[in-house]
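Q: Quick one, structure for this:
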Amino acid sequence: MVLSVHSITPTHPTRAKRRSDHRKENRNTMTREWTEADKVATVSLEGIHKRFGRTTALAGVDFSCRPGEVHSLLGENGSGKSTLVKILAGVLTPDQGRVTVGEDEITRFTPQVAKTHRIATVFQEVLVAPNCSITTNVLLGQHPWLRWRQPRRERHARAEHLLKRLTGVSLDPQTLVEDLSLMRRHQVAVARALAAEPDTLVLDESTAALDLDGRDRLFEEIRALADRGGIAVFISHRLDEVMEIADRVTVLRSGEVVDTLARDHYDMAELLELMSGPDVARAGL
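A: A predicted model of the protein is given here:
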């Protein structure tokens, strides 16, 4: 299958001039060089239905991710966010609907197909190998040449650098993940996604276990990816985070899309009403 794509530049200039050493380091040490020749394809889900027994998780959902933007999925628990994420990752197959990347419809969207199209997902569940080292976890799923033929020192250095971008501290890359805190384990999972050098990065509730510094560092990575013309899909139920980072917001309620809104076309009260319904929002719940 030939993937037909076209170049799309970021939808807006960087809104904030962050001059921290962290961001400068990120830009100067990216393994993958992004140029005007890089082509990132729009990822679209159309008419997606998914049921689990008698429970309808998704009912005719349309969702598209455009290069150069951070697109947030917002909704309460049980709204269908995580189900949609797993379809984006190829883990779940929709009962009905279309998945397209660029101009190609993909009839069987699997994790390997997602990887081929440079889609990396960090799930809400902490998916790490606790009895393995930081390096092994961060480079898990990478090309065998990188994992086994690259000198061990270089593998450790790469894993340490990726994790430092998210933590701000140098951790021994040979440390077993089972010896890390829950927050650090989450950051190892994000570092593994960054190691794949994705065009599309999907983050499902990835700030839930982070402190403020960890969240800010993750937001730097998200914004930098979008500024380079990549796609970031940010899933959260936290309104303040969504309003800070998202260029567009799609709100799910009971498995259906309630609305998709662009930045500056909504406020917190409107998002709350879309998530919960007007009666709940008016009650202040």
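Q: Show me what Leu201 bridges to in the sheet.
A: Ala120, Ala232 (DSSP bridges).
Q: Could you check how far Ser123 is from Leu272?
A: Actually, residue 123 is Phe. It isn't Ser. 26 Å (C-beta to C-beta, to the nearest Å). C-beta coordinates here come from the backbone N, C-alpha and C atoms, glycine included.
Q: could you list every residue that touches Tyr266?
A: Val249 (C-beta atoms under 8 Å, 6 or more residues apart in numbering).
Q: Looks to me like it is in a helix.
A: No. Judged by DSSP: H, G, I helix; E, B strand; the rest coil, Tyr266 forms no part of a helix; its state is coil.
Q: So for this structure, the centremost residue is which one?
A: Val202 (1.9 Å; C-alpha atoms, centre = their mean).
Q: all strands of this protein, in order?
A: Assigned by DSSP state E, the chain shows strands spanning 43-52, 55-65, 69-74, 96-101, 104-105, 119-122, 200-204, 231-236, 248-253, 256-262.
Q: which helices and strands sit right next to the third one?
A: It stands for strand 69-74. The helices and strands touching strand 69-74, judged by 3 or more C-beta pairs under 8 Å, 6 or more residues apart in numbering; DSSP states H and E, are helix 81-88, helix 212-227, strand 231-236, helix 239-245, strand 248-253, helix 268-276.
Q: Could you do the longest one as well?
A: Under the contact definition 3+ C-beta pairs under 8 Å, 6+ apart, strand 55-65 sits against strand 43-52, helix 81-88, strand 256-262.
Q: Try it again at 6 Å.
A: strand 43-52 (3 or more C-beta pairs under 6 Å, 6 or more residues apart in numbering; DSSP states H and E).
Q: contacting residues around the residue nearest to the centre of the chain?
A: Val85, Leu88, Thr121, Val233 (C-beta atoms under 6 Å, 6 or more residues apart in numbering).
Q: Repeat the analysis, applying 10 Å as the threshold.
A: 43, 65, 71, 73, 84-86, 88-89, 114, 119-123, 193, 231-235 (C-beta atoms under 10 Å, 6 or more residues apart in numbering).
Q: follow-up on the earlier one: turn the strands of the chain into CSV, including distance to Leu163 and mean pLDDT.
A: Shown next, in CSV, are the strands of the chain (distance: least, C-beta to C-beta, whole Å; pLDDT from 0 to 100):
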stretch, distance to Leu163, mean pLDDT
strand 43-52, 27, 95
strand 55-65, 26, 96
strand 69-74, 22, 96
strand 96-101, 29, 93
strand 104-105, 35, 84
strand 119-122, 14, 96
strand 200-204, 16, 96
strand 231-236, 19, 94
strand 248-253, 30, 96
strand 256-262, 34, 95
